[in-house]
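# let's see this in three dimensions:
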Amino acid sequence: MLADALHCRYGSSERQSAQNILPLIAELVTDTATPLSDLAAIAVMAGPGSFTGLRIGVGVAQALSMANSTPGIRVSNLAALAFAASLQCDADVFWTAMPAREGEFYFAVYARDQQAGVALLGKEQVAVPSALDWVKPSGSHVLVGEGWQGDSSLREALGTGADFIEATPTLETMAILTQKLFAQGQTCESALLRPNYVKEQLEY
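All right, here's what the predicted structure looks like:
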């Protein structure tokens, strides 16, 4: 992102992230005449999500950050969901959920925050609905993410009739959220750019 301009490149082939990501970065650098060494920060969607996808994205971000001594920014996929929803409605709280494996769900509660975009309440979790540590703050709230669709067990465990909102993070919304995180000083060294698997035993 340069000043107030957003420059994007997309890969059109499915399941070829590893082959596409570096050529797309090189193309973006060339077209915008922006050396990687001039970047203020390198942000990456760190998860939770696909194991392979996270490894590829975080690995590339970590390498670029390390090679150029550029600060990194880890963006939570659940936070991105909440922020995308916050741009579409005036709710105060966003209950985010994504399907995991074996009947588990990635889950987190975020509140609208003027400075950071959204702020995590409690912690990000992954568990079956009955084992989730529910955080129920006051204020209007909505349900966001694929976890609330199809399987009714999550709604039953929550015990609320909150509305579901369809929200998909785009490169533009992720860039805005990243700018807010950068302004808040939420950067890290390259060694700390790690996938957000949520389960502590899977972190490395």
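
# alpha carbons only for contacts and neighbour counts from here, please
Noted.

# once you drop chain neighbours, what's closest to the residue nearest the centre of the chain?
In the chain, the centroid-proximal residue (Cα atoms, centre = their mean) is residue 77; its distance is 2.3 Å. Using Cα to Cα, 6 or more residues apart in numbering and skipping residues adjacent in sequence, the residue nearest residue 77 is residue 47, 5.0 Å away.

# hmm, the residue nearest to the centre of the chain is touching residue 50, no?
No - applying Cα atoms under 8 Å as the test, residue 77 and residue 50 come out as separate, 10.8 Å apart.

# need the distance between the two termini of stretch 126-140.
End-to-end distance for stretch 126-140: 24 Å, by Cα to Cα, to the nearest Å.

# let me see the mean pLDDT of it.
The pLDDT scores in stretch 126-140 average 88.

# so what touches that stretch?
Here stretch 126-140 makes contact (Cα atoms under 8 Å, 6 or more residues apart in numbering) with 91-93, 100, 103-107, 109, 121-122, 125, 153-154, 157-158, 198-199.

# could you pull out the buried residues of it?
Neighbour counts over stretch 126-140 (16 or more other Cα atoms under 10 Å) mark 126, 127, 128, 129, 132, 134 as buried.

# just stretch 71-87 next, same as before
Buried positions in stretch 71-87, judged by neighbour count with 16+ other Cα under 10 Å: 71-86.
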